[in-house]
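1. only geometry, no sequence info:
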């Protein structure tokens, strides 16, 4: 069968969007068939290439067992590049919102459903700001790469993260190239985890790299940037009550994100969202 796709990215965290507004295009596939389709689409040599898939479907027309309880019209059905289901994707929310706006399905303010609850986004030009809710600091854990070990903050952003502060994120240093999956505590993260390594650049300014579960090292991770900001802010003594919003700049290989922790305990992620191609495929 032939079906439509759109390609987009947020700070080079790239996605293939599958418009399936009423569920008639991909809805008949079994879970394993859909996972296989996702893997083929995300293949960077034999497919379109992407870090994940954003299926655009009306919430009322999604009939999966994990159908969200939401009054939002649209549901962001997200899968990692290996075909596994994921709760949510921070950069993906911005790309999803940009698609809805460009298709005339929504305006500059959008609320849609995800497996991690409803997300509201607002646009100012090509910058989308996503309200990703309240973070959960769940204590300390540990991660390792090539026999190097670091303490890490266990941060829940609707999906799991282990954020480790390191002296350098240089690929020539201990963190390495992240070709291999970082080792983590499987008792703490039974469904896997996104692992971030971050280093200080200046006051309230950090740089990070990320290994996303189901995708490998990516050029950016929105919820990962939020987890890093929360971990850095906690280390800076800013995780408690605040008299004013706190904003950090987070540099990722694909660009720059701004993360704000508000006085009412919300995390706001701001960055670009660009659609770069559209077409049809038989993959």
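-> On my side now, so go ahead. Quick caveat: nothing in here was measured; it's all calculated off a predicted structure. Numbers count the residues shown, from 1 in each chain.
2. Against residue 36, how distant is residue 10?
-> Using C-beta to C-beta, to the nearest Å, residue 10 is found at 26 Å from residue 36. Where C-beta positions appear, they are placed from N, C-alpha and C, glycine not excepted.
3. Kindly provide the distance from residue 47 to residue 9.
-> From residue 47 across to residue 9, the span is 16 Å (C-beta to C-beta).
4. Revised request: answer the last question for residue 132.
-> Applying C-beta to C-beta to residue 132 and residue 9 gives a distance of 18 Å.
5. who's more crowded, these two?
-> residue 132 (26 against 23; other C-beta atoms under 10 Å).
6. so where's the stretch 151-283 of the chain uncertain?
-> The stretch 151-283 of the chain contains no residues with pLDDT under 70.
7. Tell me where the stretch 151-283 of the chain has helices.
-> For the stretch 151-283 of the chain, the helices defined by DSSP state H, counting those that start in this stretch cover 222-235.
8. Next, please give the residue ranges for the strands of it.
-> Using DSSP state E, counting those that start in this stretch, the strands of the stretch 151-283 of the chain run over 160-165, 183-184, 194-202, 205-212, 216-218, 246-252, 255-261, 267-272, 274-281.
9. Can you tell me which of those strands is nearest to residue 140?
-> Nearest to residue 140, of all the strands of the stretch 151-283 of the chain, is strand 160-165, at 9.7 Å by C-beta to C-beta.
10. what's the closest of the strands of the stretch 151-283 of the chain to residue 60?
-> Nearest to residue 60, of the strands of the stretch 151-283 of the chain and by C-beta to C-beta, is strand 274-281 at 25.1 Å.
11. May I have the strands that pair with that closest one, each with its orientation?
-> strand 3-10 (antiparallel) (DSSP bridges).
12. For the strand it pairs with, which outside residues touch it?
-> 14-19, 25-26, 41, 48, 50, 91-92, 94-95, 98-99, 220, 222, 254, 271-282 (C-beta atoms under 8 Å, 6 or more residues apart in numbering).
13. can you give me how far the following helix or strand past that strand is from the chain middle?
-> Remark: after strand 3-10, the chain's next helix or strand is strand 13-19, criterion DSSP states H and E. Distance, stretch centre to chain centre, for strand 13-19: 12 Å (C-alpha atoms, centre = their mean, to the nearest Å).
14. Return the set of buried residues in strand 13-19.
-> Buried residues in strand 13-19, counted by 16 or more other C-beta atoms under 10 Å: 13-19.
15. and these as a markdown table, adding distance to residue 230?
-> Listed next are those as a markdown table, based on distance: C-beta to C-beta, whole Å:
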| residue | distance to residue 230 |
| --- | --- |
| 13 | 19 |
| 14 | 25 |
| 15 | 24 |
| 16 | 29 |
| 17 | 28 |
| 18 | 31 |
| 19 | 34 |
